[in-house]
Each structure stands twice: as C-alpha cells, then as structure tokens.
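Colleague: Okay, structure incoming, though there's no sequence with it:
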C-alpha cells in the first residue's frame, strides 16, 4: 500500500491543531480555562484497575456502575471468557445499557504492526473478528498498541503508517476505530512524536492516538509536547500516577498508582490535553497488586474520587 502523503491543511485538520497559538508556544488561556458548565472531562474506568479481582465481565460492569462510572474500557479477553462460558453479546449489551454504562474502548493485543507477514496476517484476521464483536456490543473504539513489536528492530515509521492505514480501513468498515496507542517501554511507538507522525502521515480522518501518563514518563516524552495535540486526535487519555525515585528505564506497570498519589505533573498534563469543545474521556488505568487485594468496589470508588479531585480546578 502506498502511503497517502497529506497537505499541511489536511494534516492540521486530522489532528485538530488550530493555526496560530495552538501550535506555537503554550496553549491559549481560553483553551485551558475551567469550563463553567462542568464539561471538560468524562470519567472512565479501565478494567485493568480491578482486573486482579477476577470478577468476570458482567460483575466488572456492575462494579463500575455502582462506583459511579458511566464510561468504561473493557478487556477483550474478559469479554471472550464471558462468551465462552455461555454469555451472549446481546445480553451483555442489554446489561451495559441497563446500567447506564457506555463501553468507550476495548483493550486488545492483535499484532498488526509486526514485520512477520504470517503473524501480521493472522493478527488482521483476529482484529477483524474483534471489531465485528465490539460493533455488536456498541463499542466504537479498540486500542492498537505495538503488541509483538516491543523488542528487537525498530520499524520504519512510514511502514507503521502503511500498516495503521490498513486497520483504519477495517475500522471504517466495522465502525470500530483503532486508537494508535503509545507504549513507553516499547522500541516502537514509544514517543508522542512517533504516534503523532503515524497519525498525521496516514492522512486518514479517523486516525486517533491513545496516550497515557505512565507511558509519557516511561518513554521519556516531553510533557509540553502535549500542547500540539488537539481534537479530534485525542479522544481517550489514560490517567494514573507513579511514585518518586523510580527511573523511567526500570519503572514497570505494577508501579502505577491512583491519580494524585504520585509525582506526575498531572494538573499540567490535564491542562494541556483538555478541550472546551468536547469532554475528553479520561480513563483510570492501573495494575497495582495492592489494589487487587482490596474490595473491587472500594478501588473503583477511590479511582473516581481521585480523578474528580485532580480535575476540579483544571
């Protein structure tokens, strides 16, 4: 597939970057001021946060709703286990709707990016099936991380763009759009600049990036580069925190803590990614073993409380 090179105007439109103040210097004061109508952020629970309690798909939805969430990110393996054990997509959607829960995104690990042609072909078949399944569930997004390409050779970004364009076309056909996810510990797509390049160079109006507080630190991207990202490029942003004293090269997923319980410059980050035109979905994603030892409802309630507190004056 040939890469679709884009004009400056198309590129700016794709990432929602306004000419002028939005791309030069700090984001304008008007763009980061507190929305007096309470808009700005929509709170979501990534089920990783209560994954260790092994509640099962339906119980996870019920716990999130009881904690006060109206949006969640699900994990595909948990959904598939539910289906294998006799559940149905129709019933799952009915339950989610009844709970007032919107499934905003799904976490999957199809290896769409890898160089091995046989593995990549299999991954595209897997991803097609996952997209079709999610469409029936009413979920319109799926994460597209560099799974399978976290070690070894660095893949040329133009090649990554070609491969991302393929799954964007699949997303357009199914109505479930792949969110290009940055992983700070990967050799591929570890920096904000890299996922932005691929999204821009794709020239696709549905290109989106999925960023994460932890991965910004892990991959050592500059926080201030977030001011160059605008709507519609960023629809979901993973929030969490990390403790002091752990270098980026050794920090790992279980080190994540609740937002505001660590040293991440969260308020500045949220100021930079917030957009007054449309609420940004911020989703709490942690993998903390000490939280997994606690009551899942308590963990979910704590996550929501801390997200609301950290965004109160952003």
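Modeller: Thanks, I have it. Just so it is clear, the structure is predicted and the values come from calculations on it, not from any experiment.

Colleague: How many residues are close by residue 272?
Modeller: By other C-beta atoms under 10 Å, 20 other residues sit near residue 272. In this view, the C-beta of every residue, glycine as well, is placed from N, C-alpha and C.

Colleague: swap in residue 176?
Modeller: Neighbourhood size, residue 176 [other C-beta under 10 Å]: 25.

Colleague: separation between it and residue 301?
Modeller: Distance, residue 176 to residue 301, using C-beta to C-beta, to the nearest Å: 30 Å.

Colleague: where does residue 232 land on pLDDT?
Modeller: On pLDDT, residue 232 comes in at 87.

Colleague: same check, this time on the one 3 residues further on
Modeller: Looking at residue 235, its pLDDT is 96.

Colleague: what's the closest non-adjacent residue to it?
Modeller: residue 208 (5.7 Å; C-beta to C-beta, 6 or more residues apart in numbering).

Colleague: Check which strands are paired with the host helix or strand of residue 43 and give the direction for each one.
Modeller: Per DSSP states H and E, residue 43 falls inside strand 41-46. Sheet pairing for strand 41-46, assigned by DSSP bridges, gives strand 71-75 (parallel), strand 280-284 (parallel).

Colleague: Go through those and name the closest to residue 94.
Modeller: Minimum separation from residue 94 across the strands paired with strand 41-46 (C-beta to C-beta) falls at strand 71-75, 15.4 Å.

Colleague: Would you mind listing where the protein has pLDDT under the threshold?
Modeller: 1-39, 231 (pLDDT under 70).

Colleague: now do 80
Modeller: 1-39, 230-231, 276 (pLDDT under 80).

Colleague: Which stretches in it count as helices?
Modeller: 8-15, 29-32, 57-67, 76-84, 89-99, 117-137, 157-174, 192-202, 213-218, 266-273, 289-292, 296-311 (DSSP state H).
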